[in-house]
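A.B. asks: Need a 3D model of the sequence below.
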Amino acid sequence: QVQLVESGGGLVQTGGSLSVSCVVVSERAFSAYTMGWFRQAPGKEREFVAAIDWSGDNAYYADSVKGRFTISRDNAENTVYLQMNSLKPEDTAVYYCGARFPGSDYDEDYTYDYWGQGTQVTVSS
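C.D. replies: Next comes the predicted model:
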């Protein structure tokens, strides 16, 4: 059984910063998983935000967040982070972390095997 628990969401003003984190509880080593962050705004489909490979050496971002968001991981702490800077109202969504085994299509949510419950991020204008 694999559990993902997100935390750190909240309310922030436009231009502000927020960090969300996701702890993974699994019998497998955390480093076995590629980790991703997705988000879902009201009335919209879940969309890819960022992903990071097992080593943390390779990170991938959606164009909409490139240069503003940073994904990182601490394999010793079984945790993946998403640092969000220069936030915009359109970043408002529930943010989900996902875990999957290495492979292609890291930006497709159907390739992820495990999901957290989500954490709300609200950016006020």
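
A.B. asks: How much space separates W115 from N75?
C.D. replies: W115 sits 20 Å away from N75, taking C-beta to C-beta, to the nearest Å as the criterion. No exception for glycine: its C-beta is placed from N, CA and C like everyone else's.

A.B. asks: okay, the two: which has more neighbours?
C.D. replies: Taking neighbours as other C-beta atoms under 10 Å, W115 and N75 compare with W115 leading, 19 against 15.

A.B. asks: for the more buried one, what are its contacts?
C.D. replies: Residues counted as contacts of W115 (C-beta atoms under 8 Å, 6 or more residues apart in numbering) are 4, 96-99.

A.B. asks: burial measure for G67, as a count.
C.D. replies: Counted with other C-beta under 10 Å, residues neighbouring G67 total 9.

A.B. asks: Name the helix or strand for it, please.
C.D. replies: G67 belongs to no helix or strand when assigned by DSSP states H and E.

A.B. asks: mind listing which of the contacts of W115 are in strands?
C.D. replies: Judged by DSSP state E, these include 4, 96-99 as members of strands.

A.B. asks: what's the spacing between the residue nearest the centre of the chain and E27?
C.D. replies: Per C-alpha atoms, centre = their mean, the C-alpha nearest to the average position across the chain is that of W37, at 2.2 Å. Distance, W37 to E27, using C-beta to C-beta: 23 Å.

A.B. asks: just Y112 next, same as before
C.D. replies: Distance, Y112 to E27, using C-beta to C-beta: 18 Å.

A.B. asks: Looking at these two, which has the bigger crowd around it?
C.D. replies: Using other C-beta under 10 Å as the criterion, Y112 and E27 rank with Y112 on top: 22 against 6.

A.B. asks: For that one, give me the backbone phi and psi.
C.D. replies: phi -90, psi 140 (degrees, to the nearest 10).
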